[in-house]
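>>> please find the sequence and the predicted model below.
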Amino acid sequence: MATPGPSSEIRYFCRRCRYELTGLGFREIDGYPQCPECGSLFRPGDPETTTPTPHGPVRRFVHSRTGKVMLAMVLLFVGYKTNVLPRPVRPFDGTAINWSHWEWFGVDHGTQRLPSAWGGTTPRWVNWEVTWRWGRVRAVRVVEAQFGAVIWSVDRGPNGVFRLDVDATAVDWSDLLTGLNAVSRPDEFLGVTIDGDRSVHQENPRPFSVTGTKQEVIGEMVRQYGLAIRTLVVPNNHGDVWVFDAEAQAMRLVSVQEASEMGYDPARDDQAVLPRPFWN
Ligand SMILES: [Zn+2]
């Protein structure tokens, strides 16, 4: 709108619309020239009707370099404080910021790294890598801290398909359960716990891999470890319970009556919720 004139000249602008009036030939009304932009009457150089600056102080500030920098800083600060802007999550232990783990709108994204000292029972020096998307854990990988080799990993695909890869031996089943529960949604809680006293192994004798529903993955763990399970009556299962059917070598959803006949003693747990992993 404002056409810049030579800088030596004294410039003036319409006080109402800030149209540049410097050196224009004017149509006059009642002896006053008229702003071609908004029609206001003015007198050149009159501070009541003209102004020497193209914009008011606020707009001039906003358009200035300093103004832009300050506005950007204020927006960044407000965005940071209100979680509108993503920010890296500071690890619990105060170690250096992990730039692959972010918080945005109050939920986690990216990959969180946890030294095994934070939990888990795997008897090696390992790191847990927890992959978050929109505040939900999508994958857990346990890697050797020194060489980065994957010991085991679990991830949940979009359609309730779980994949468990155990690439080493001597992985404690409770660590796998931690990972498996971490990537599960609350409605995928089967209500089974592992009976450590009656199970054959606490550590797997050989590597294995399984892809399928959560009950298929648990079933494969039961087979690989020789686990004994306890089952609970939880709201998810609408009165039925999950058991391991030794004949079929698979997890099966049965009535409480049938579970009792199979030797299970299903306890009712109406408050049962998905167990929370140690980092949560
Ligand atoms: Zn005007």
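Here it is on my side, so go on. Numbering: from 1, shown residues only.

>>> who are the neighbours in contact with the closest residue to Arg198 other than its chain neighbours?
Nearest non-adjacent residue to Arg198, counting by Cβ to Cβ, 6 or more residues apart in numbering: Ala228, 3.7 Å away. For glycine as for every other residue, the C-beta is placed from the backbone atoms N, C-alpha and C. By Cβ atoms under 8 Å, 6 or more residues apart in numbering, the contact set of Ala228 is 194-195, 197-200.

>>> pLDDT wise, what is Ala228 at?
For Ala228, the model assigns a pLDDT of 94.

>>> next, count neighbours for the closest residue to the ion within the stretch 101-250 of the chain.
For the stretch 101-250 of the chain and the ion, the shortest gap (Cβ to the ion) falls at Phe105, measuring 44.8 Å. Under the neighbour criterion other Cβ atoms under 10 Å, Phe105 is assigned a count of 12.

>>> in three-state terms, label the nearest residue to it once chain neighbours are set aside for me.
Closest residue to Phe105 apart from its sequence neighbours, by Cβ to Cβ, 6+ apart: Asn83 at 5.4 Å. Classification of Asn83 using DSSP: H, G, I helix; E, B strand; the rest coil returns coil.

>>> phi, psi for the residue of the stretch 51-200 of the chain found nearest the ion please.
Closest to the ion within the stretch 51-200 of the chain is Thr51: 10.5 Å, counting by Cβ to the ion. Dihedral angles of Thr51 (phi, psi; degrees, to the nearest 10) stand at phi -140, psi 140.

>>> low-confidence regions, this structure specifically.
Scanning the chain for pLDDT under 70 picks out 1-9, 25-27, 92-94, 116-124, 280.

>>> show me which residues of it sit near the ion.
14, 16-17, 19, 35, 37-38, 40 (Cβ under 5 Å from the ion).

>>> how close does the residue nearest to Arg198 sit to Gln202?
12 Å (Cβ to Cβ, to the nearest Å).

>>> same check on Trp128?
19 Å.

>>> the two - which one has more neighbours?
Trp128 (24 against 16).

>>> isn't the more buried one right next to Arg113, touching?
Yes: with contact defined as Cβ atoms under 8 Å, Trp128 counts as touching Arg113 (7.3 Å).

>>> what subset of the contacts of Ala228 is buried?
Ile194 (16 or more other Cβ atoms under 10 Å).

>>> name the nearest of the contacts of Ala228 relative to Leu24.
Ile194 (87.9 Å; Cβ to Cβ).

>>> residues in contact with the closest one?
Counting by Cβ under 8 Å, 6+ apart, Ile194 touches 173-174, 177, 227-230.

>>> save those as TSV, and put in secondary structure too.
Shown next, in TSV, are the contacts of Ile194 (three-state DSSP):
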residue	secondary structure
Trp173	helix
Ser174	helix
Leu177	helix
Leu227	coil
Ala228	coil
Ile229	strand
Arg230	strand
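
>>> report the buried residues of stretch 79-98.
Buried residues in stretch 79-98, counted by 16+ other Cβ under 10 Å: 85, 89, 91, 98.

>>> no wait, stretch 208-223
208, 210, 214-222.
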